[in-house]
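**Q** predicted model and sequence below, questions to follow.
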Amino acid sequence: MAFSLRTSMPSLVLVPVCLLALFSTTTQAAQDATPALTIYEDNTDTFNYLGCYTETAGLANTTGERTLNDGINNVTDNTESNMTVPWCIDFCTKSTNQYQYVGLEYSRQCWCSRTRNPLSTAQPKAVCNTACDGNKTTACGGSGVLSVYNMTAEGKKRLGKGGHGGSAGATLQPGGFGGIVGLGFVVSGLGLGFGLL
């Protein structure tokens, strides 16, 4: 019986080692198969990708100002968010203010600002590794980092003339007030029932 126990012992040790090697190989293959997130490219030449930048709100010995702090934002804790880079750019450019910077953070936060906090530092683009809630293939910042876009000179010209991201101007929606605004003039009293978005 002692002989039988000795020959069985190496087999018992070998099985866990083989399983561990198989698990390690499978895990690495799954990690290698994960596609890298893409950087959104604005085909209207209104905004260019500036880079991945650190959030500054939590920096020690500062006033706590955010990286993009002098504008508007759309921040949702809703896990069902449909945030995408084009949606955020659209949100920022529909404002009456002309924001120079658009930033996306933590998959569902959109920030618009005239300036970028100089304490924010550029990071490798791979650090902005959280997918947009509304487009799982595109980067929307991450935890403590923003995917930042900068308005181009062409974008300033286009938006300064009432155009919006390459569109013809005002966007109308049924059911609003009876006037049209957005191309630099107002036509009222037509009773068309269209409102500016």
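**A** Noted; the coordinates are in hand. Numbers count the residues shown, from 1 in each chain.

**Q** strands along the chain, start to end?
**A** All strands of the chain, identified by DSSP state E, fall at 47-54, 73-75, 101-105, 109-113, 122-123, 131-132, 135-139, 145-151, 172-174, 179-180, 187-188, 194-196.

**Q** got the contact list for the residue nearest to Val85 when sequence neighbours are not counted?
**A** Nearest residue to Val85, sequence neighbours excluded (CB to CB, 6 or more residues apart in numbering): Tyr40, at 3.7 Å. Using the backbone N, CA and C atoms, a C-beta is placed for each residue, glycine as well. For Tyr40, the contact set (CB atoms under 8 Å, 6 or more residues apart in numbering) comprises 49, 84-86, 138-139, 147, 149.

**Q** what about 10 Å?
**A** By CB atoms under 10 Å, 6 or more residues apart in numbering, Tyr40 lies in contact with 47, 49, 84-86, 88-89, 104, 132, 135, 137-140, 147, 149.

**Q** greatest separation within the residues you listed: which pair is it?
**A** Pairwise distances across the contacts of Tyr40 (CB to CB) peak at 18.6 Å, for the pair Phe47 and Thr137.

**Q** of the two, which one has the most company?
**A** Phe47 (27 against 11; other CB atoms under 10 Å).

**Q** tell me, what's the model's pLDDT at Pro86?
**A** According to the per-residue confidence, Pro86 scores 96 in pLDDT.
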